[in-house]
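Sequence plus the predicted model coming up.
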Amino acid sequence: LEVWTRAQRDILLDHPWLLTVARLAPPLGPRRLLWLDRALAALAGTGLHDGEKVNVATALTGYALTEAALVHGMGGGDPQLEEAGIAGAADYGEMLAEVLDPDVYPALTAAVRSGAMGGGEGWVDDADFVFGLNLLLDGVEALIHRRSGTAS
């Protein structure tokens, strides 16, 4: 599932025009159905029922899509960001630091001031992608353990 999710994100980054395609449609074409089939096959023998397997695939697909859109946008692919003079995650963090009211956004202001959104590449760093993916896969693993009645 890790390779499957990474491949989806990488395909979107290699072909950013796909990010403009209607994303909320269920898989219709033979290739998209084949992607879904491979995810369901990876979950065979886990004790999850078919609906849960489809939900896992949907969650991972959504994650890959969101991450690809953020990376693409931060890499100069978003006209709104370009118009605002934001060329990357560091610029975004600097802009937020200037405009956030700490009384209204205390937690976000603290995160921005700590450098969480501007200290490095932000969302374009592969380590950030891996962190989120591992978080999701840990949740899938915990669900599998709950279904099997074993402790994780």
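Structure's in. What do you need?

All the strands of this structure, in order from the start?
Shown for the chain, no strands are assigned by DSSP state E.

Any regions of this protein where pLDDT drops low?
Counting by pLDDT under 70, the chain contains low-confidence residues at 21-25, 76-78, 118-125, 151-152.

how about the helices in it?
2-14, 30-42, 50-72, 79-83, 89-99, 106-113, 126-148 (DSSP state H).

Any idea how many residues pack against residue 19?
15 (other CB atoms under 10 Å). Every C-beta, even on glycine, is put in place using the N, C-alpha and C of the backbone.

Give me the neighbour count for the nearest residue to it once chain neighbours are set aside.
Nearest residue to residue 19, sequence neighbours excluded (CB to CB, 6 or more residues apart in numbering): residue 69, at 5.4 Å. Look at residue 69: counted by other CB under 10 Å, it has 20 neighbours.

what about residue 69, distance to residue 54?
Distance from residue 69 to residue 54, counting by CB to CB, to the nearest Å: 22 Å.

Also residue 11?
20 Å.

Those two: which is more packed in?
The neighbour comparison of residue 11 against residue 54 (other CB under 10 Å) goes to residue 54, with 16 against 13.

pretty sure the more buried one is touching residue 40, no?
Yes: applying CB atoms under 8 Å as the test, residue 54 and residue 40 come out as touching, 7.1 Å apart.
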